[in-house]
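J.: A predicted structure for the sequence below; I have some questions about it.
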Amino acid sequence: MSHRRKLAIEGGVPARPAPINPLYRVGADTRNRILQILDSGELSTWYGGLVVREFEASFASTIGAADAVAVNSGTSALHIAVATLGLLPGDEVVVPAACYLSAASVVAQEGGIPVLCDINEDTYVMSVEDLERHITERTRAVIVVHFWGCPANLDPICEFARERKIVVIEDCGQSHGSRIRGRFTGSIGDFGCFSFAPRKHITTGQGGMVTSRTARGGALIRELVNKGKGKGWLAYNRLGFSYAMTEIEAAVGLDGLLNLTAEVNNRRVAADTYRRALSGTPLRLPRDPPWGEHVYFKMPILVPEEMATKRDLFARAIDAENISCRVPHPPVWTIPWLAKYAAIHNRHYDPGLYPVTGWLLPRMVEVETGPNMTEHDVKVSANAVLDAWNYICERN
């Protein structure tokens, strides 16, 4: 400990001169294709242009979905999937208490009630056991979030849900390329929802994708994405939205899809590097669950319970080293407007119902795994996290 370097939070030199930005550089072929799109003047068309349709077909083929429809954001993807339910007043959709807010907010957008479910202590994703006690006769769907890129145990969830005619929506916003018993996330539930925002395994700047287990589901999604219109120009079949993806975004997405395997491999290597560097500490880092492969959108790190009050200082010390570090999104029940919305609909979020979420999230930080990280970059990040932890321990 006495030989530890002086950290940036103490006035020392940061481990990295500047943070790594989540930039994405397309290859020469994609750059030429983008120029062709610009020269054509056709940047977007109704129901998806030629490049959008190619991206959709390639994405569906890659993950093994029946259909895929490109949209303008991951939140739009979730909203469209929920919109297929045709929710009525009092209808419920179960979401994990630990997730990005969009999984719950899109339910409220459609007038439904987000019902919260606890997470698994080891994987930080939806608890199969806890899910069952939140199902009622009003449950229409379950949104399963593959948080941080860890796949949830979907097989028992799907079996349970389909016996009760409950729709399963996968939130794959952080799980591109993750597999469950050999099958890609996004191909197992009724719908899969992907985000292509910065730092994701595939990025288009913004953008997203909705995948469907059936061709019929894909056709419904395509109508909803395109203002509720059918194939005819005047075929206003249903209430819809304007969520279509542009041609240039699709070209960038195709480039990312070609690089997906390499990106997943890089992030899994980064996870191994963090585990090796921190193996001598009491910090807990995730591994693959028994049923699938983690793709580490970021690396969540759990501090020991007795050090929970030091979590925020730990995060600041890491971030000061120009290592991207955040505390995770707060438990969903703490979002004031959502809790008020639920209460208006006679659903009160009792933190006692989600003890694992309430126990774990306040003890966690999340650090970078990519993109644009070389093997050296990851080692710098991992060593900086270790130095920050030693700093925290010295102050305890």
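T.: Noted; the coordinates are in hand. Residues are numbered from 1 along each chain as shown.

J.: what sits against Trp389?
T.: By C-beta atoms under 8 Å, 6 or more residues apart in numbering, the residues touching Trp389 are Leu278, Thr281, Leu283, Phe314. In this view, the C-beta of every residue, glycine as well, is placed from N, C-alpha and C.

J.: Which one (most neighbours) among the residues you listed?
T.: Using other C-beta atoms under 10 Å as the neighbour criterion, Phe314 leads these with 23 neighbours.

J.: part of a strand, is it?
T.: No - under DSSP: H, G, I helix; E, B strand; the rest coil, Phe314 falls outside any strand and is assigned helix.

J.: can I assume it is in contact with Arg395?
T.: No - under the criterion of C-beta atoms under 8 Å, Phe314 is not in contact with Arg395, lying 10.1 Å apart.

J.: still on that earlier bit, tabulate the contacts of Trp389 (JSON lines), appending secondary structure and distance to Val26.
T.: Listed next are these as JSON lines, based on DSSP: H, G, I helix; E, B strand; the rest coil; distance: C-beta to C-beta, whole Å:
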{"residue": "Leu278", "secondary structure": "coil", "distance to Val26": "34"}
{"residue": "Thr281", "secondary structure": "coil", "distance to Val26": "39"}
{"residue": "Leu283", "secondary structure": "coil", "distance to Val26": "37"}
{"residue": "Phe314", "secondary structure": "helix", "distance to Val26": "36"}
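
J.: for those, which one is nearest Glu293?
T.: Here the nearest of these to Glu293, counting by C-beta to C-beta, is Leu278; it sits at 20.9 Å.

J.: my guess is the closest one meets Arg284, correct?
T.: No - if you go by C-beta under 8 Å, Leu278 and Arg284 don't touch, sitting 9.2 Å apart.

J.: got any residues that touch both of the two?
T.: Residues touching both Leu278 and Arg284 (C-beta under 8 Å, 6+ apart) are Ile301.

J.: For the residue lying closest to Val13 once chain neighbours are set aside, give its distance to Ala388.
T.: Leaving aside its chain neighbours, Val13 sits nearest to Lys6 (7.7 Å; criterion: C-beta to C-beta, 6 or more residues apart in numbering). Distance of Lys6 to Ala388, given as C-beta to C-beta, to the nearest Å: 12 Å.

J.: now do Ala382
T.: Note on Ala382: its distance to Ala388, by C-beta to C-beta, is 11 Å.

J.: what do you get for Ile169?
T.: Distance, Ile169 to Ala388, by C-beta to C-beta: 37 Å.

J.: now Thr211
T.: For Thr211, the distance to Ala388 equals 39 Å [C-beta to C-beta].

J.: These two: which has the busier surroundings?
T.: Neighbour tally, Thr211 and Ala388, criterion other C-beta under 10 Å: the higher count belongs to Thr211, 32 against 27.

J.: residues in contact with that one?
T.: Residues near Thr211 by C-beta under 8 Å, 6+ apart: 59-60, 63, 65-68, 186-187, 191-194.

J.: quick check: mean pLDDT across stretch 76-96?
T.: Regarding stretch 76-96, the rounded mean pLDDT is 97.

J.: quick one, what contacts Glu42?
T.: Gly49, Glu247.

J.: mind listing the helices in the protein by residue range?
T.: In the chain, the helices defined using DSSP state H lie at 28-40, 50-63, 74-83, 102-109, 128-132, 154-163, 215-225, 247-258, 260-277, 311-320, 336-344, 355-360, 375-395.

J.: Quick one, which of the ones you listed gets closest to Val94.
T.: Smallest distance to Val94 across the helices of the chain (C-beta to C-beta): 6.4 Å, for helix 128-132.

J.: what's in contact with that closest one?
T.: Identification of contacts with helix 128-132 by C-beta under 8 Å, 6+ apart yields Val94, Cys117, Asp118, Ile119, Asn120, Val142, Asn153, Pro156, Ile157, Phe160.

J.: follow-up on the earlier one: to Arg16, which of the helices of the chain lies closest?
T.: Shortest distance between Arg16 and these, using C-beta to C-beta, is found for helix 375-395: 5.7 Å.

J.: quick one: buried residues of that closest one?
T.: The neighbour-count check on helix 375-395 (16 or more other C-beta atoms under 10 Å) flags 377-392 as buried.

J.: List just the nearest of the contacts of Trp389 to Gly228.
T.: Proximity of those to Gly228, judged by C-beta to C-beta, is greatest for Phe314, which lies at 48.4 Å.

J.: who touches that closest one in this structure?
T.: Shown in contact with Phe314 (C-beta under 8 Å, 6+ apart): Val303, Met307, Val365, Ala388, Trp389, Ile392.

J.: Also Cys117?
T.: Counting by C-beta under 8 Å, 6+ apart, Cys117 touches Val94, Val95, Pro96, Ala97, Met126, Ser127, Asp130, Leu131, His134, Tyr354.

J.: ok, of those, which one's closest to Leu224?
T.: Among those, Val95 lies closest to Leu224 (C-beta to C-beta), at 20.0 Å.

J.: now the chain, which segments are flagged as low pLDDT?
T.: Filtered on pLDDT under 70, the chain yields the residue ranges 1-3.

J.: coming back round to it: quick one: which of the helices of the chain is nearest Ile202?
T.: For Ile202, the closest of the helices of the chain is helix 247-258, at 3.7 Å, according to C-beta to C-beta.
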